[in-house]
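Engineer: From the sequence below, what's the structure:
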Amino acid sequence: MRKLERVFKALGDRNRLRILKMLEVKPMCVCEITEILGIAQSSASRHLGLLRDAGLVVDEKDGLWVNYSISGSTDDVVATILTGLRRWGNEDPRIREDRDKAARADRERICARVRSV
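Structural biologist: Prediction:
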C-alpha cells in the first residue's frame, strides 16, 4: 500500500506531471527542468526526489550533470501508470509547450547561465 501512496502522491502535482511529460522527450538535468518550468532549483530537486522515490524516474550521474529519465520499472503499478501517462495529457497546450521546449533545450547554454548567476 505504501508504494501506491508514493506513486499517487508523486502524481498529485501539476509540476511533477509536467516533468514526467518532458522526460518522455529526453533525459534532462535539473537546470533544464528549472528553466522550462520557471521554478527554483530547490523546488525542481524536491519534485524529482518525490518522482524518484515513487519509482517513476531514475537518475544517473553523467560528468557534471545528473540526468533524470523515465523509469524502466517492471513494478506493476509504476509500469501501468507510465504506460498510461504516455497517452494522457498530450492534448494539454501547456504540456505540448513544455515538450517542445524540452526538445529544443540547450543544456550547455542553460547550465552555464545558471552557474554564472
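Engineer: Work out for me the element the spatially most central residue of the chain sits within.
Structural biologist: Geometric centre of the chain, nearest residue: Ile19, 3.1 Å, by Cα atoms, centre = their mean. Here Ile19 sits within helix 14-23, counting by DSSP states H and E.
Engineer: I'd assumed Leu37 was in contact with Lys101.
Structural biologist: No: Lys101 is beyond contact range of Leu37, at 9.4 Å (criterion: Cβ atoms under 8 Å). In this view, the C-beta of every residue, glycine as well, is placed from N, C-alpha and C.
Engineer: Those two: who's more crowded?
Structural biologist: Neighbours were counted for Lys101 and for Leu37 using other Cβ atoms under 10 Å; Leu37 has more, 18 against 15.
Engineer: Next one, pLDDT for the more buried one please.
Structural biologist: Per-residue confidence (pLDDT) for Leu37: 97.
Engineer: OK, contacts around the closest residue in space to it that isn't next to it in sequence?
Structural biologist: Leaving aside its chain neighbours, Leu37 sits nearest to Asn15 (5.8 Å; criterion: Cβ to Cβ, 6 or more residues apart in numbering). When contacts are counted by Cβ atoms under 8 Å, 6 or more residues apart in numbering, Asn15 touches 37, 39, 43, 47.
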